[in-house]
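**Student:** give me a model of this one.
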Amino acid sequence: MNCERCQEVIPKGESYNHRGLTLCEDCYIGALQPPRSCDVAAVHSAKTHRQLSGQTGTDGLTDLQKGLYNYVKSNRKATRQELMEKFDLKEWDLEKQIAILRHCELVKGRKEGDLVYIVLFDA
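**Tutor:** Purely as a prediction, here's the structure:
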């Protein structure tokens, strides 16, 4: 059986039902507690961990997170839709990645007119 959210194979007996969907454990937790970009405790935790680990910039990020960051950096801004299309991500996965980058104070959202753009944190 596959997770209806991420399409990964779910080992027998380890599936969860949420709102009519069969999910793996990670997707089930994500559905119950979606990542929040504006989370003071998460920002403090990420900053502290990165400082103690000697990480700066994109150190310690996944290839996907580095790709998202570098795309925003080279284009100065990007919409969520643009990032989902460019990196072939579903909305829930992009939100998770953006939240991580926000907690590391690498990107943030900025409203311009009716659109919200992802921009570098120090922009």
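**Student:** please report how far Tyr16 lies from Glu25.
**Tutor:** According to CB to CB, to the nearest Å, Tyr16 and Glu25 sit 7 Å apart. Just so you know, the C-beta spots here come from the backbone N, C-alpha and C atoms, and that holds for glycine as well.
**Student:** the two: who's more crowded?
**Tutor:** Using other CB atoms under 10 Å as the criterion, Tyr16 and Glu25 rank with Tyr16 on top: 16 against 13.
**Student:** so how far is Ile98 from the nearest residue to that one once chain neighbours are set aside?
**Tutor:** Leaving aside its sequence neighbours, Tyr16 sits nearest to Tyr28 (CB to CB, 6 or more residues apart in numbering; 3.9 Å). Note on Tyr28: its distance to Ile98, by CB to CB, is 21 Å.
**Student:** when those two are compared, which one has more neighbours?
**Tutor:** Ile98 (23 against 19).
**Student:** show me what the host helix or strand of the residue nearest to Tyr16 is packed up against.
**Tutor:** For Tyr28, the host element (DSSP states H and E) is helix 25-32. Applying 3 or more CB pairs under 8 Å, 6 or more residues apart in numbering; DSSP states H and E, we find helix 25-32 packed against strand 16-18.
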